[in-house]
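Novice: Curious how this folds, go ahead:
(one chain, ligands or ions: 1)
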Amino acid sequence: IGLSTTIAGVKFPGCFMNAAGALCVTRDELLALGRSKAGAIVTKSMTMEPRHGNPEPRYYGFPGGSINSMGLPNLGYRAYADLIPELKRCGKPVIASVAGLCEDDFPTIAEAINAAQPDLIEVNLSCPNIPGKPQIGYDAEASERLLKRVRRVITVPMGVKLPPYFDPAHHDAMGKVIGRCDVDFLNLINSVGNGLVVDPEREAVVIKPKGGFGGLGGTLIKPVALANVRAFYKIFQGRIPIIGTGGIVDGVDAFEHFLCGASAVQIGTVLVEEGLEVFGRLETELAALLEKKGYRAIEDCRGKLKEL
Ligand SMILES: O=C(O)c1[nH]c(=O)[nH]c(=O)c1I
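Specialist: Coordinates of the predicted model:
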């Protein structure tokens, strides 16, 4: 069984990759992803200037998932622009994740990183952890304004990393925005923003920033991730490829994302918790599952979720 896939004309040797943020901030981390079985290298979302990020502890893993308020720690877009040629020599697609602290940052960073010619650019509209900054992805007008400005300066395939939506009216509203901005792929979803995990022993929160509030990931968000993959797959009738992110800890979870309409999947919590070897485990599990079910490739099951 081949687990290769194609997104917006770019061939991925494997369908599993890291989610932006997971083990992908430094040059060493990115090159380690390049040597691993990951099907791509995805950079940490980048900003104008290098950032240390929020005070620690800022990530906490627990049975069922994780909570984080990293605060966008990254090397700054110039460092990633310099790294991209070396990363591209690893023989797998390089996805540059673009963020910013304000709307004007995005086109500046996008234009500069586009010049380094990553294989794809992912515009992150869903960082939930910049104190005082609401997620752009929850503001349809701001999202449209920003995506149109960024689209004009990006010549490689441009994707959008969206937050989870919890109402079909929001799926429809964002579907209209995406349809007007010439988007080449979607990445659904980012963490479920501003959850709160409590340690009953210490009677305390588990991360330091924002009074303990942070983005949720892992198994517990899988139903939310699957709903968003399915909703946008149906809105676009499979015409815009989707990377499914959220709650994938084994091959079956990945299969569920493909059934809902994903063309590739990303992992965050399980990668941080298990390390780079997880890519081999997930590929083995997914290949065995597809084999058992009689599917020859991912595209044979994509979007085939049955309704009752
Ligand atoms: O806190 C972060 O750095 C962060 N954390 C997340 O869970 N999602 C994001 O997009 C980001 I930019």
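
Novice: quick one: D105 from the ligand, how far?
Specialist: 12 Å (C-beta to the nearest ligand atom, to the nearest Å). (C-beta placed from N, C-alpha, C; glycine too.)

Novice: Revised request: answer the last question for A20.
Specialist: From A20 to the ligand the distance is 7 Å (C-beta to the nearest ligand atom).

Novice: One more: N114?
Specialist: 19 Å.

Novice: now G214
Specialist: 7 Å.

Novice: got a list of what that residue touches?
Specialist: Neighbouring residues of G214 by C-beta atoms under 8 Å, 6 or more residues apart in numbering: 58, 67-69, 128-129, 191, 194-197, 207.

Novice: my guess is it is in a strand, correct?
Specialist: Yes: using DSSP: H, G, I helix; E, B strand; the rest coil, the assignment for G214 is a strand.

Novice: Pull up the gap between it and P85, please.
Specialist: Counting by C-beta to C-beta, to the nearest Å, the gap from G214 to P85 is 34 Å.

Novice: And the helices in the stretch 1-150 of the chain, which stretches?
Specialist: 27-35, 77-88, 105-115, 140-151 (DSSP state H, counting those that start in this stretch).

Novice: Mind giving me the packing neighbours of the helix or strand following the last one?
Specialist: It refers to helix 140-151. Later in the chain than helix 140-151, the nearest helix or strand by DSSP states H and E is strand 158-162. Here strand 158-162 touches strand 120-124, helix 140-151, strand 185-188, going by 3 or more C-beta pairs under 8 Å, 6 or more residues apart in numbering; DSSP states H and E.

Novice: Can I get those in CSV including mean neighbour count?
Specialist: Below are the helices and strands packed on strand 158-162 laid out as CSV (neighbours: other C-beta atoms under 10 Å):
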stretch, mean neighbour count
strand 120-124, 27
helix 140-151, 18
strand 185-188, 28
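
Novice: Out of those, which is closest to L271?
Specialist: strand 185-188 (15.2 Å; C-beta to C-beta).

Novice: If you average the pLDDT over the closest one, what comes out?
Specialist: For strand 185-188, mean pLDDT rounds to 99.

Novice: Please apply the same query to stretch 256-271.
Specialist: 98.

Novice: Close to the ligand: what parts of the stretch 101-250 of the chain are there?
Specialist: Listed as neighbours of the ligand in the stretch 101-250 of the chain under the rule C-beta under 6 Å from any ligand atom: 124, 126-129, 190-191, 215.

Novice: Could you list the low-pLDDT ranges of the stretch 1-150 of the chain?
Specialist: By pLDDT under 70, the stretch 1-150 of the chain contains no weakly predicted segment.

Novice: about what we covered before: in strands only, show me the contacts of G214.
Specialist: Among the contacts of G214, DSSP state E puts 67-68, 194-196 in strands.

Novice: from these, which is closest to the ligand?
Specialist: N68 (5.1 Å; C-beta to the nearest ligand atom).

Novice: residues near that closest one, how many?
Specialist: 26 (other C-beta atoms under 10 Å).

Novice: Report the separation between the residue lying closest to it once chain neighbours are set aside and G214.
Specialist: Once flanking residues are discounted, N68 sits nearest to Y59: 4.5 Å by C-beta to C-beta, 6 or more residues apart in numbering. From Y59 across to G214, the span is 8 Å (C-beta to C-beta).

Novice: Same check on G261?
Specialist: 28 Å.

Novice: shared neighbours, Y59 and G214?
Specialist: With C-beta under 8 Å, 6+ apart, Y59 and G214 have common neighbours 67-68, 207.

Novice: Going by distance to A40, which of these wins?
Specialist: N68 (21.4 Å).

Novice: Tell me the bridge partners for the closest one.
Specialist: Y59, G215 (DSSP bridges).

Novice: ok, it touching P57?
Specialist: No: taking contacts as C-beta atoms under 8 Å, N68 lies outside contact range of P57: 9.8 Å.

Novice: Need the overlap of contacts for these two.
Specialist: I207.

Novice: Let me know the outermost residue of this protein.
Specialist: E201 (33.1 Å; C-alpha atoms, centre = their mean).

Novice: Look up phi and psi at it.
Specialist: phi -70, psi -50 (degrees, to the nearest 10).

Novice: Could you do the one 4 residues further on as well?
Specialist: Summarising the backbone geometry of V205 under the convention degrees, to the nearest 10, its torsions are phi -70, psi 170.
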